[in-house]
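Q: generate coordinates for the sequence data below:
(one chain, ligands or ions: 1)
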Amino acid sequence: MVRIGVASPGPLDPVRGVILRTPNIPEWQNFPLADHLRAIFGVAVTIDNDANLAALAEWRYGAGRGHDHLLYITVSTGVGAGVIVGGRLLHGARGLAGELGHVAVVADGPRCGCGQYGHLEGLASGTAIARRAQEALAAGEKSSLAGLPAPPTATAVARAARAGDALASRIMAEAAGHLGRALAGFLHVFNPEVVVLGGGVIQAGRIFLQPLENTLRREVMHSAYLENLTLTTSALGEDAGLLGALTLARAKTVY
Ligand SMILES: [Zn+2]
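A: This next block holds a predicted model:
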């Protein structure tokens, strides 16, 4: 049987195949993408959140293989996530669960991509890192980033941090600390056996992962949460969402 699997940014309704709202494609408000594609191609269409599908793929084929309790968190422009609990992708009542990037970490913190304030995404994403660097430079802080021809991106901040720039290192460590604090909370909620970290910001390596781990160890409420926990990076990289869409399309039961 031929089917189409779609990995799309959310929030979306995977049961009805409707994109509720996606900030980067403003035309797709309550857009019935599954019906639309079905009308064009004449085959069944399955849709899910791209981060959920990346979690599914890392669990089936990637860094989380063999573990039925998994968190997948991708830190790039935003912070996406997917949760596998007891060998099932967590969907919640309407397919909206697992949005770990949209958990409030700091009261009255910076505005998030979703429009709310103080969410993890607004504090630890690549967008947040770039914004913090630009704010610090505008405030006159000294850094090698000040000599760049354009406002610094998260990639530029990571590069400067690796080269020993104090401001860039501090900004990376702050973002990682927010993720570490949130992750301690996620361990308390889900008690996973593996946490898979993906996305461009994670590519920064030790300058991000070390402060993340330090905060996690300090803020977890009992060391039992860390025993036998594997904290690892994505094995499938940018293909994870596509492989997840394929997995979904091949699944016999579709919601
Ligand atoms: Zn948010």
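
Q: what residues does the stretch 151-255 of the chain have near the ion?
A: By C-beta under 5 Å from the ion, no part of the stretch 151-255 of the chain sits against the ion. Quick note: C-beta positions are derived from backbone N, CA and C, even for glycine.

Q: quick one, strands of the stretch 151-255 of the chain?
A: 194-198, 230-233 (DSSP state E, counting those that start in this stretch).

Q: how close does the residue nearest to residue 198 when sequence neighbours are not counted sit to residue 195?
A: In this structure, residue 198 finds its nearest non-sequential neighbour in residue 234, 3.4 Å apart by C-beta to C-beta, 6 or more residues apart in numbering. Note on residue 234: its distance to residue 195, by C-beta to C-beta, to the nearest Å, is 11 Å.

Q: what do you get for residue 35?
A: Distance from residue 35 to residue 195, by C-beta to C-beta: 36 Å.

Q: with neighbour numbers in mind, choose between the two.
A: More crowded of residue 35 and residue 195, by other C-beta atoms under 10 Å: residue 195, with 22 against 13.

Q: bridging residues for that one?
A: residue 71, residue 231 (DSSP bridges).

Q: ok, now which ones touch it?
A: By C-beta atoms under 8 Å, 6 or more residues apart in numbering, the contact set of residue 195 is 70-73, 183, 186-187, 229-232.

Q: make it 10 Å
A: Taking C-beta atoms under 10 Å, 6 or more residues apart in numbering, we find residue 195 in contact with 63-64, 67, 70-73, 183, 186-187, 216, 229-233.

Q: same deal with residue 34?
A: Residue 34 touches 4, 6, 8, 12-19, 44-47, counting by C-beta under 10 Å, 6+ apart.

Q: what about residue 45, how many residues nearby?
A: 20.

Q: list the buried residues of the longest helix seen in the chain.
A: Secondary structure of the chain per DSSP state H: the longest helix is helix 166-190. Buried residues in helix 166-190, counted by 16 or more other C-beta atoms under 10 Å: 167-173, 175-187, 190.

Q: mind listing what the most far-flung residue of the chain relative to its centre touches?
A: Here the chain reaches farthest from its C-alpha mean at residue 42, the gap being 32.6 Å by C-alpha atoms, centre = their mean. Counting by C-beta under 10 Å, 6+ apart, residue 42 touches residue 2.
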